[in-house]
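Asker: sequence first, predicted coordinates after that:
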Amino acid sequence: MSFGSSGGGSAVGRIILNEGTVAFSDTMCIMFLMVERHYWINRIEEAWGKRSVVWLAGVRRVGKTYLCQSLPEIEYFDCELPRVRRMMEDPEGFLDTLRGKRIVLTKYIVWRIPQSC
């Protein structure tokens, strides 16, 4: 991490958090450098060639969503969005409209906690 000043006694400064990320203290402007991960895209494509469902799991904030959005020819759905949840209330109807397409469902949590707990 490095700190810099714009000079001239101004309180405006620049903080380089890591490679590709710059934050300006007065504007809160943040730039992220995203790298296309060809290796992982190819691995996912290979897995999709063998199976109809591929589960991509990992710790938070490592780029799973970005990786999924960079896959070619997919229909992407963020299951945290109320609009998407409403579409999925009828799972059979939802999937019928997507027949023959490759879909990505992100942030889909299937935890069912019994009432007795």
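Answerer: In hand now; what should we look at?
Asker: which stretches of the protein form strands?
Answerer: Counting by DSSP state E, the chain has strands at residues 2-5, 13-18, 21-24, 30-31, 74-78, 102-106.
Asker: any idea of the mean pLDDT for the third one?
Answerer: Just to be clear, that refers to strand 21-24. The average pLDDT for strand 21-24 rounds to 47.
Asker: residues near residue 36, how many?
Answerer: 10 (other CB atoms under 10 Å). Using the backbone N, CA and C atoms, a C-beta is placed for each residue, glycine as well.
Asker: grab the nearest non-local neighbour of it.
Answerer: residue 70 (5.9 Å; CB to CB, 6 or more residues apart in numbering).
Asker: pretty sure that neighbour is touching residue 42, no?
Answerer: No: with contacts defined as CB atoms under 8 Å, residue 70 does not count as touching residue 42, sitting 11.9 Å away.
Asker: what's around residue 35, how many residues?
Answerer: 9.
Asker: before we move on, what about residue 88?
Answerer: 15.
Asker: so what's it closest to, chain neighbours aside?
Answerer: Closest to residue 88 by CB to CB, 6+ apart is residue 94, at 5.1 Å.
Asker: so what's the residue count around the one you found?
Answerer: When neighbours are counted by other CB under 10 Å, residue 94 comes out with 15.
Asker: could you do residue 64 as well?
Answerer: 16.
Asker: from here on, call the first residue 837.
Answerer: Will do, 837 is the new start, and the previous item becomes residue 900.
Asker: which ones are touching it?
Answerer: Shown in contact with residue 900 (CB atoms under 8 Å, 6 or more residues apart in numbering): 892, 893, 894, 942.
Asker: by neighbour count, which of these wins?
Answerer: Result: residue 942 is most packed of the contacts of residue 900 (other CB under 10 Å), 16 neighbours.
Asker: for the longest helix seen in the chain, C-alpha coordinates in CSV please.
Answerer: When the chain is parsed with DSSP state H, its longest helix is helix 874-886. The C-alpha trace of helix 874-886 is given here as CSV (Å, rounded to 0.1, in the frame of the first residue of the first chain):
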residue,chain,number,x,y,z
HIS,A,874,-8.9,-18.4,-19.5
TYR,A,875,-7.7,-21.4,-17.5
TRP,A,876,-10.8,-21.4,-15.3
ILE,A,877,-13.2,-20.6,-18.2
ASN,A,878,-11.7,-23.6,-20.1
ARG,A,879,-12.1,-25.9,-17.0
ILE,A,880,-15.8,-24.9,-16.6
GLU,A,881,-16.4,-25.4,-20.4
GLU,A,882,-14.8,-28.9,-20.1
ALA,A,883,-17.0,-29.7,-17.1
TRP,A,884,-20.1,-28.5,-18.9
GLY,A,885,-19.2,-30.9,-21.7
LYS,A,886,-19.3,-33.8,-19.3
